[in-house]
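1. quick one, structure for this:
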Amino acid sequence: MKLYLLLNIILCFFVTAQAQVLNDAATIEFGSKNLSIDQPFLISVVLRDAEVRPSVIFPEINGLEKRSKSATSSISTIDGNKVVIQTITQEYFATKPGNYLIPDFVITAGNFRLSSKETMVVFSKGNVADNNDPASNQASLEPDLEDIKEEIILSVQTDRKNVYIRQGFALRISLYIAENAPVEMEFYKFNDQLQSILKKLRPANCWEENIGIEEIIRRKVTIKGRKYTEYNMYQARLFPITLEDVALPSIGLDMLVTDNSDAVNVEHKVVKAFYSRPVRVTVKQLPEHPLRDQLPVGQYSLKEKLSAELVYPGESIRYMFKVEGTGNIAAIPAPILQTNASFDIYPPEVSQIIKRSYQGVVGEKTFDYFIVPGKDGTFPLGRYFQWIYFDLEKEKYDTLRSARTLQVKGEDFKLSTLSLNGSSGLYDNLENLDSSKESVDYKKILKDITSTIVVILLIAMVWVFRK
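-> Got it, this is the predicted structure:
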């Protein structure tokens, strides 16, 4: 009896001690549960402190069709510690309006087994999808196949045939089978074949942003009036880093085909190979510019924040320079800083958020600077912080410049300002402060409860031993 109680106490101890860590480290999150028929229901796996994105296979849900998948990585520095968060998201679309029950399911993500309770999702009629959201624009996924007469087509597709150097384009590998094709087939040693295909297909002169497909995604498509079932096997975004054209050779895929032509009611399976056409993407040089070999390419905008616009010499301030948009976010360089003797600019803390999908790579990169001014003056920060890039929409170079202005006043000004305002410094307005309002730290409360339970379990363990 004592041994049984002891084992139960030890089990409770470990479960309690690790529950909070596990819950913080990996979670399942749902998107909106009230949607229009043209909006996707989203299931996401969020992993914290995960340097490597694990493979994740999402559940099949009756009545819903899996479509695009995306992977978002967030890297930041908090109190000097690097924090990495990986988010893998699967889209589900409904074929008709109605209420859909999402049953209990379990997802394996690396070393984690995550479970979710059943929930209800409602798809209604109407058309309220955000047309500016590329994730909801399924038309961009429709293939452009040349040989539409074939019943079975292995396709290597790109969404562009001409790109600038460092401009991204989509790569997609799919097998299309016509609905009326008089053949039965199944995939044959697919994982081994896919690795060989990718080894042959991946160009050495491109930076790859892989979305990650651990399973074959099946969906119905209509191409030039003919209905097909698409089996999507791989998709990524490629960014050429040299001026060589990207040559994607023909690849072959072996399928296990059921052959019943030899005798009535006699079936046997044979391996049959299907081949894609080679694809070439032309890479163009950027227009003349002294820094064209170093500048990023894409569509970007600037967001900035200055902790204070009026300071005195020697007072440190923080300045955030955030570049966001579409392009190779991971390769975005820091702003070009103009040398000056007016203030010291320390190397920035860098953080980034990157979302990878078939439609594009979008995100943001933040450079957080500490600035210490050394003398009086008015300093437009646009003179010192500049970020040059090639704008793909305008097809010309553009510069993101700070629009903030820093005012630096001397110590005499600071003291006179305090005197005019009747300020006595540190203890200003002390009587007006409301000390009765306390912030609630739920995480700390949870930790305290966990610690209390652990202490109680330890006391119970000691009591069992002494008995």
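2. how about low-confidence regions in the stretch 1-150 of the chain?
-> 1-24, 79, 126-149 (pLDDT under 70).
3. who touches the closest residue to Gly410 other than its chain neighbours in this structure?
-> Closest residue to Gly410 apart from its sequence neighbours, by C-beta to C-beta, 6 or more residues apart in numbering: Asp376 at 5.1 Å. Where you see a C-beta, it was placed from the backbone N, CA and C, and this is true even at glycine. Applying C-beta atoms under 8 Å, 6 or more residues apart in numbering, we find Asp376 in contact with 313, 408-410.
4. repeat for Ser73
-> 53, 84-87, 352-354.
5. middle-most residue in the chain, spatially?
-> The residue lying closest to the centre of the chain (C-alpha atoms, centre = their mean) is Thr72, at 1.3 Å.
6. and that residue, how far is that from Gly363?
-> 8 Å (C-beta to C-beta, to the nearest Å).
7. likewise Val45?
-> For Val45, the distance to Gly363 - C-beta to C-beta - is 19 Å.
8. and this protein, split by domain according to the record?
-> 25-127, 148-285, 297-414 (automatic domain parsing).
9. between those, which gets nearest to Leu457?
-> Proximity to Leu457 (C-beta to C-beta) singles out domain 25-127 among those, at 22.2 Å.
10. related to what we said a few turns ago, next, show the common contact partners of Thr72 and Gly363.
-> Counting by C-beta under 8 Å, 6+ apart, the residues touching both Thr72 and Gly363 are 353-355.
11. of those - the most surrounded one?
-> Using other C-beta atoms under 10 Å as the neighbour criterion, Lys355 leads those with 22 neighbours.
12. so it touches Ser68, yeah?
-> No: judged on C-beta atoms under 8 Å, Lys355 makes no contact with Ser68 at a distance of 11.5 Å.
13. so what would you say the end-to-end distance of stretch 330-348 is?
-> One end of stretch 330-348 sits 16 Å from the other (C-alpha to C-alpha, to the nearest Å).
14. what does stretch 375-387 give?
-> End-to-end distance of stretch 375-387: 26 Å, with C-alpha to C-alpha as the criterion.
15. what residue ranges in the stretch 351-467 of the chain are flagged as low confidence?
-> Applying pLDDT under 70 to the stretch 351-467 of the chain flags the ranges 411-448, 450-451, 454-455, 461-467.
16. can you pull out the strands in it?
-> 360-373, 377-380, 385-391, 396-401, 405-408 (DSSP state E, counting those that start in this stretch).
17. report the buried residues of the longest one.
-> Using 16 or more other C-beta atoms under 10 Å as the burial criterion, the residues of strand 360-373 that qualify are 360-369, 371, 373.
18. remind me what that strand packs against, helices and strands.
-> Contact here means 3 or more C-beta pairs under 8 Å, 6 or more residues apart in numbering; DSSP states H and E; on that basis strand 360-373 packs against strand 317-327, strand 343-345, strand 349-357, strand 405-408.
19. chain center to that strand: distance?
-> 17 Å (C-alpha atoms, centre = their mean, to the nearest Å).
20. now do the same contact list for the closest residue to Pro103 other than its chain neighbours.
-> Leaving aside its sequence neighbours, Pro103 sits nearest to Glu118 (C-beta to C-beta, 6+ apart; 5.1 Å). Going by C-beta under 8 Å, 6+ apart, Glu118 touches 101-104.
21. likewise for Phe30?
-> Here Phe30 is in contact with 41-44, 119 (criterion: C-beta under 8 Å, 6+ apart).
22. again, but for Tyr188
-> Tyr188 touches 254-256, 271, counting by C-beta under 8 Å, 6+ apart.
23. nearest residue to it in space, please, no chain neighbours.
-> Closest to Tyr188 by C-beta to C-beta, 6+ apart is Leu256, at 4.2 Å.
24. pretty sure that neighbour is in a strand, no?
-> Yes: judged by DSSP: H, G, I helix; E, B strand; the rest coil, Leu256 forms part of a strand.
25. surely it is in contact with Ala273?
-> No: the pair Leu256 / Ala273 is not scored as a contact, 11.3 Å apart, by C-beta under 8 Å.
26. and those two? Which one has more around it.
-> Neighbour count, other C-beta under 10 Å: between Leu256 and Ala273, Leu256 has more, with 14 against 10.
27. now do the same contact list for the more buried one.
-> Applying C-beta under 8 Å, 6+ apart to Leu256 gives the contacts 185-188, 269-271.
28. roughly how far apart are it and Ile241?
-> For Leu256, the distance to Ile241 - C-beta to C-beta - is 39 Å.
29. one more: Val311?
-> 42 Å.
30. of the two, give the one with the bigger neighbour count.
-> Applying other C-beta under 10 Å to Val311 and Ile241 shows that Val311 carries more neighbours, namely 20 against 16.
31. wait, doesn't that one sit right on Val372?
-> No: checked against C-beta under 8 Å, the pair Val311 and Val372 is beyond contact range at 9.2 Å.
32. what's the overlap in contacts for those two?
-> Ile317.
33. what is the neighbour count of Ile28?
-> Applying other C-beta under 10 Å, I find that Ile28 has 18 neighbouring residues.
34. before we move on, what about Leu406?
-> Quick note: Leu406 (other C-beta under 10 Å) scores 22 neighbours.
35. could I get the contacting residues of it?
-> Counted by C-beta under 8 Å, 6+ apart, Leu406 has contacts 306, 309, 311, 317, 343, 371, 373, 378-379, 381.
36. can you do 10 Å?
-> Neighbouring residues of Leu406 by C-beta atoms under 10 Å, 6 or more residues apart in numbering: 306, 308-311, 317, 319, 342-343, 371, 373, 377-381, 384.
37. mind listing the helices for this protein?
-> Assigned by DSSP state H, the chain shows helices spanning 2-25, 190-201, 411-420, 442-466.
38. ok so, going back, distance check, the residue nearest to the centre of the chain against Leu47.
-> Taking C-beta to C-beta, one finds Thr72 at 11 Å from Leu47.
39. what of Ile332?
-> For Ile332, the distance to Leu47 - C-beta to C-beta - is 24 Å.
40. and what of Pro347?
-> Counting by C-beta to C-beta, the gap from Pro347 to Leu47 is 29 Å.
41. of those two, who's got more company?
-> Neighbour totals were compared for Pro347 and Leu47, and Leu47 leads with 23 against 9 (other C-beta under 10 Å).
42. and that one, bridged to which residues?
-> With beta bridges defined as DSSP bridges, Leu47 has these partners: Ala26, Gln86.
43. now swap in Lys284 and tell me
-> Under the criterion DSSP bridges, Lys284 forms beta bridges with Tyr164.
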